[in-house]
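Peer 1: Structure for this input, please:
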Amino acid sequence: MNRFFRNILVFSLLTIALASCKAQKFTTHAVKKGETLTGLSKQYRVDTATILRYNKEIKQGDELKANTILVIPRGEKTPTATRPSTSDQSKDSVIQGDEPIGFTSHRVRKRETLYGIAQRFRITEDEIKKYNPELYSAQLNKGMTLKIPQYRRTKAEQAAGSDEDLETYTVAPKETRWSIANKFGITIDSMLVLNPELSKATDYLAVGQELKMPRPAGSTVENQKTQLYLSYTVPPKMNFYQLEQKFGVKSDEIVRLNPEITEKGGLKENMVIRIPQVTLDAGEVNTDNYNFYEVKPKQTVFSLTRKLGLTYKDLLELNPDLSDGLKAGMVLKLPKDQKGDFDVRNALVLDKINLLDSIDVKNVPKVVFMFPFRIDKLDLANKEEVTDIIEDRNSLKFSLGLYSGALIALDSIADLGISVDVDSYDNQLSLARTKEILQKENLNTVSAIIGPLDLASLKETAVRAKGSQVPVIAPIPAESDLSLSNVFYSYTPNTVLRARMLDFAEEKYEGQNVVVIADSIHVVARDSILSRFPDAKVAEVIEEEKNIGIDIEKFKMLLSDELENWVFVETDNFKLVASVSSILNSFQNTLLDIEQPEREKLKLRMFTTNKTSAFENDVISSTHLSNLSFTYPSVYRIPESSAFSRRYEKRFGSLPDRYAVRGFDITYDLLLKLAYKNNLMEVSKYIGETEYAGTKFDYEKDPVKGYFNQASYIMTFEDLRIKQVQ
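Peer 2: Predicted coordinates for the structure are as follows:
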């Protein structure tokens, strides 16, 4: 009778302690040495997936550590390992078929059973034996490698959880799939399973978009927010106050996590209890605060720390889940400013892939070139006239330069054993001719289109090609008011170049005197400089109908003879560039006040955030620019002598100009990527920055507007030569 009342009392206390679990009953289990997940599943009559769901700190396949405290749910329906009958197929989450869709292998571990393996892979024991016939006559032994059939399953089963285990999460600004996956401790694949409406062709997430995500580990117990637990052996004379001081966890929370405390009438010496580990609040987890890395299969802690340039301790502080081991698919946080053997795109760390070492000769891409050669307007018999037309007509100069470079790229890719199917068209700068070409060409067989150069034809080509998911590469600066999501804008936008220049200037800034000279058209550039350098001074630009310049005396008052002067010139007018560069050159190393010879001589340096054609006019003195160490952002660098240059000169009898270099780089980059995988949009997800003779490419996708090159150089004039600074 006493035992009866004691059991009633214990039951009542457990009911009170677990009232927050919404009728779900739990018990806890202290793991003993040698126990397995499969064994516990049988002992408590609950499937292993359910145990894993309530104990996120352990993973399928992990060995259980002795004294680990597990929460074991009771009353769960345990799915059997028997496959459903045909009559129940409408409720079955496995798509039945005569044969598996594939196989995987499993190496048998110590103490594993056939039943446990069948449960783990959600198949029957008979199916395992069917594809491993030796099991009909032999026992299952440690070290055996089994062939495991895989069947097509519905997304509901793959998600492996009920709606009660999920919560609705609203995407905040500056969040990505990777930052959210890190926040919830799941893989991108799991996120796609839980949210099948997410596109697999793009990584885009909209602000305010709602996602189904797993509830935080331990949320089956009210107010439990942590994801990691510590197994703690209670020492003599330990009380709840001391536990609170030691671990920073409230006593009622400890009781809720450890029902045996109530059952045994309080804390007892040598009792092993489960303590939630409290981690420091990392603040908001988004692309402003962190970069993210998705762990690849077979990566080790050693290879990962070497790649990421971090110690294991540093990684563990940012990613406490690492204490459970490194697992493929897990998303790690990295410091925003971390440098290492990787590229970063939209806060996602990408592995560097050597395209030359990744060629698949079975890929035979088809590339279409559409340039305005205007052969219909040329008398090819009159060489002198053709030469004059080429010099006067920019579109023809661009086309011939780009195409000549592309031909060298085709020769170079052929040397690597890659075959390319090429169609070249003269679209004659005509929209009607472009439509005619597109009507003729079977776009379903095309891997990529390079060109056209005019915006109207580019729009038409992109719209037509989008239906066949064909990428279109714009080889020269192009802007569009349309949403051309399949266009690769190879020319880095001016906004990106300006930001790169200002980033560089900020890095080098040590209190210099900054002065801005900007005409009325370049107010945005002026304001961008002032936002980075609030103490900068602005020189007035005098703009007249036929002249433009600055007041020399007023400008002189803005300069400092104590600090180096950084002068930003923002204009499209070559007259202003010529005037300012001449004035600055005359001031260089002179005294502001000749009556005070002890004062420092002026030191001047000239910058621009957008090197327009005004800076290349013949009236601009290269000597002046060199004296002022003129520095600017650029999409192009002057290539050194290379195999490309030598090959070009041998074929065409002259050195390549910048358009030929660009034509080679764009085409060679495209062909190498298509030789790696004949789907440029897919390749662009995980190929970072690439660089060739005179151009870098680092395409970042805007989900609506297309792919934009983010790469650039910082160039400077020095000793009458142009040098790459960064």
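
Peer 1: Any buried residues in stretch 293-310, and which?
Peer 2: The neighbour-count check on stretch 293-310 (16 or more other CB atoms under 10 Å) flags Tyr293, Glu294, Val295, Leu304, Thr305, Lys307, Leu308, Leu310 as buried. C-beta: built from backbone N, CA, C; applies to glycine.

Peer 1: what do you get for stretch 45-60?
Peer 2: By 16+ other CB under 10 Å, the buried positions in stretch 45-60 come out as 46-58.

Peer 1: do the same with stretch 688-695
Peer 2: Buried, per 16+ other CB under 10 Å, within stretch 688-695: Gly688, Glu689, Thr690, Tyr692, Ala693, Gly694, Thr695.

Peer 1: ok, these vs Leu497, which is closest?
Peer 2: Set against Leu497, the nearest of the buried residues of stretch 688-695 by CB to CB is Thr695 (13.5 Å).

Peer 1: and the closest one, what does it touch?
Peer 2: By CB atoms under 8 Å, 6 or more residues apart in numbering, Thr695 lies in contact with Ser490, Val635, Tyr636, Arg637, Val661, Arg662, Asp665, Ile666, Asp669, Ala711.

Peer 1: could you redo the last one with a cut-off of 6 Å?
Peer 2: Contacts for Thr695 (CB atoms under 6 Å, 6 or more residues apart in numbering) come out as Arg662, Asp665.

Peer 1: Is Lys174 in contact with Asp288, as I believe?
Peer 2: Yes - at 5.3 Å, Lys174 and Asp288 qualify as touching, with contact defined as CB atoms under 6 Å.

Peer 1: what's the longest helix in this structure?
Peer 2: Using DSSP state H, we find that the single longest helix of the chain is helix 394-415.

Peer 1: returning to what we had before: next, format the buried residues of stretch 293-310 as TSV and append distance to Gly401 and pLDDT.
Peer 2: Formatted as TSV, these follow (distance: CB to CB, whole Å; pLDDT from 0 to 100):
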residue	distance to Gly401	pLDDT
Tyr293	40	89
Glu294	40	87
Val295	44	86
Leu304	44	84
Thr305	46	84
Lys307	39	82
Leu308	41	85
Leu310	45	85
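
Peer 1: Looking at those residues, which are in helices?
Peer 2: Per DSSP H, the buried residues of stretch 293-310 map to helices at Leu304, Thr305, Lys307, Leu308.

Peer 1: what's the domain layout of this protein?
Peer 2: Domain ranges of the chain: 2-77+220-276, 95-152, 159-219+281-352, 366-492+638-712, 494-634, per automatic domain parsing.

Peer 1: ok, the residue nearest to Lys183 when sequence neighbours are not counted - how many residues close by?
Peer 2: When the adjacent residues along the chain are set aside, Lys183 lies closest to Val285, with 5.1 Å between them (CB to CB, 6 or more residues apart in numbering). Using other CB atoms under 10 Å, Val285 has 18 neighbouring residues.

Peer 1: where exactly do the strands run in the stretch 101-250 of the chain?
Peer 2: 102-107, 145-150, 166-170, 210-214, 229-233 (DSSP state E, counting those that start in this stretch).

Peer 1: Flag every buried residue along the first one.
Peer 2: Translated: strand 102-107. His106.

Peer 1: Now Phe342: closest residue in space, sequence neighbours ignored.
Peer 2: Nearest-residue entry for Phe342: Val349, 4.9 Å, with adjacent residues in sequence omitted and distances by CB to CB, 6+ apart.

Peer 1: packing partners for the helix or strand where the one you found lies?
Peer 2: Using DSSP states H and E, Val349 sits in strand 348-351. Here strand 348-351 touches strand 290-294, going by 3 or more CB pairs under 6 Å, 6 or more residues apart in numbering; DSSP states H and E.

Peer 1: Please enumerate the strands of the stretch 601-726 of the chain.
Peer 2: For the stretch 601-726 of the chain, strands defined by DSSP E, counting those that start in this stretch occupy the ranges 604-607, 631-634, 690-691, 696-697, 699-702, 706-709, 713-718, 721-724.

Peer 1: Which of those strands sits closest to Val524?
Peer 2: Among the strands of the stretch 601-726 of the chain, the nearest to Val524 by CB to CB is strand 631-634 (15.2 Å).

Peer 1: Against which helices or strands is that closest one packed?
Peer 2: Judged by 3+ CB pairs under 6 Å, 6+ apart, strand 631-634 is in contact with helix 494-508, strand 713-718.

Peer 1: List of residues touching the last one?
Peer 2: Spelled out, that is strand 713-718. 504, 625-626, 629-634, 637, 722-726.

Peer 1: Can you flag the buried ones in the residues you listed?
Peer 2: Phe504, Leu625, Ser626, Phe630, Thr631, Tyr632, Pro633, Ser634, Arg637, Ile722.

Peer 1: hmm, back to that, for Thr300, find the nearest of the strands of the stretch 601-726 of the chain.
Peer 2: strand 690-691 (27.2 Å).

Peer 1: what's the offset of the closest one from the middle of its chain?
Peer 2: Centroid separation between strand 690-691 and its chain, computed with CA atoms, centre = their mean, to the nearest Å, is 17 Å.

Peer 1: circling back: could you dump the helices and strands packed on strand 631-634 to JSON lines with distance to Leu334?
Peer 2: Shown next, in JSON lines, are these (distance: least, CB to CB, whole Å):
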{"stretch": "helix 494-508", "distance to Leu334": "20"}
{"stretch": "strand 713-718", "distance to Leu334": "25"}
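
Peer 1: rewinding a little: which one among the buried ones among the contacts of strand 713-718 gets closest to Asp572?
Peer 2: Nearest to Asp572 out of the buried ones among the contacts of strand 713-718 is Tyr632 (CB to CB; 14.0 Å).

Peer 1: Please name the residues that touch the closest one.
Peer 2: Thr608, Lys611, Met715.

Peer 1: Same check on Val541?
Peer 2: With CB under 6 Å, 6+ apart, Val541 has these contacts: Asp519.
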